[in-house]
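In: Provided below for reference: sequence and predicted model.
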Amino acid sequence: AALTKQLGVDAGVVERIFRAGVCHAETMAKRRRVGEHPADSRPKEANEDGSEVTSGLFSEGISLEQLRRELADFAKERDWDQFHAPRNLALALVGEVGELCECFQWKGEVEEGLPGWSDKHRTALRQEIADVFLYLIRLSHKCHIDLPKAALDKLAVNAAKYPAGLVRGSSRKYTEYTVNPGQAG
């Protein structure tokens, strides 16, 4: 009752969130038992307030394919495939990007590691980034695009457009550079 009052939501909503949390905890425990998701061994860094946060490294043992399958199962269990046409997913992705941008609105430049951010704001950012990521994976799946391969292919294209020796330290667009023979590379 205190939580419903504190959050200002209906008791049924709190109950659903609680059950979802329990289900998630059970799924994570199952993954640990079968070795799919090892304990988080990423290096920790200290915030200004002394609390620990993980460094910018990603968790090991979680693949995009695993996430793609879990998202497909999630949608199937809820009969949401009917709503997951590419256009709908792209529009939902744009909405989530807007919510992600709200996390940074009116904050000016934000330093790496988010110094001075509260746990509440870090959690909100974490959830919005995850929403964007999950919609991107789902959109890729529904468009039959191999997202990891597409990302590596695009990185190669960008490397050709922006040769390190030519663009180092500059934010200009690739069309603004002139390449002299032997200069790129």
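Out: Looks like it arrived, so ask away.
In: those helices in this structure, which residues are they?
Out: For the chain, the helices defined by DSSP state H cover 2-7, 11-34, 64-77, 86-102, 119-142, 147-161, 164-167.
In: Could you pull up the mean pLDDT of the last one?
Out: So the one you mean is helix 164-167. Averaged over helix 164-167, pLDDT sits at 90.
In: can you check the first one too?
Out: Helix 2-7 shows a mean pLDDT of 70 in the predicted model.
In: where does this protein have low pLDDT?
Out: When residues are selected by pLDDT under 70, those of the chain lie in 3, 6-7, 13-14, 16, 19-21, 23-25, 27-55, 179-185.
In: Just want to check the distance between residue 113 and residue 101.
Out: In this view, residue 113 and residue 101 are 19 Å apart by C-beta to C-beta, to the nearest Å. For glycine as for every other residue, the C-beta is placed from the backbone atoms N, C-alpha and C.
In: So those two - more neighbours on which side?
Out: Counted by other C-beta atoms under 10 Å, residue 113 and residue 101 do not tie: residue 113 has more neighbours, with 13 against 10.
In: From residue 133, how far off is the more buried one?
Out: Distance of residue 113 to residue 133, given as C-beta to C-beta: 19 Å.
In: Over to residue 71?
Out: Using C-beta to C-beta, residue 71 is found at 10 Å from residue 133.
In: again with residue 98
Out: To residue 133, residue 98 is 15 Å away according to C-beta to C-beta.
In: For those two, work out which one has more neighbours and name it.
Out: More crowded of residue 98 and residue 133, by other C-beta under 10 Å: residue 133, with 15 against 12.
In: So for stretch 69-84, first residue to last residue, what's the gap.
Out: End-to-end distance of stretch 69-84 (C-alpha to C-alpha, to the nearest Å): 15 Å.
In: which residues does the closest residue to residue 148 other than its chain neighbours contact?
Out: Nearest residue to residue 148 in three dimensions, chain neighbours excluded: residue 64, at 5.4 Å (C-beta to C-beta, 6 or more residues apart in numbering). Counting by C-beta atoms under 8 Å, 6 or more residues apart in numbering, residue 64 makes contact with 137, 147, 148.
In: for residue 97, same thing?
Out: Contacts for residue 97 (C-beta under 8 Å, 6+ apart) come out as residue 132.
In: returning to that earlier point: kindly reformat the contacts of residue 64 as JSON lines and extend each row with neighbour count.
Out: Below are the contacts of residue 64 laid out as JSON lines (neighbours: other C-beta atoms under 10 Å):
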{"residue": "137", "neighbour count": "19"}
{"residue": "147", "neighbour count": "17"}
{"residue": "148", "neighbour count": "11"}
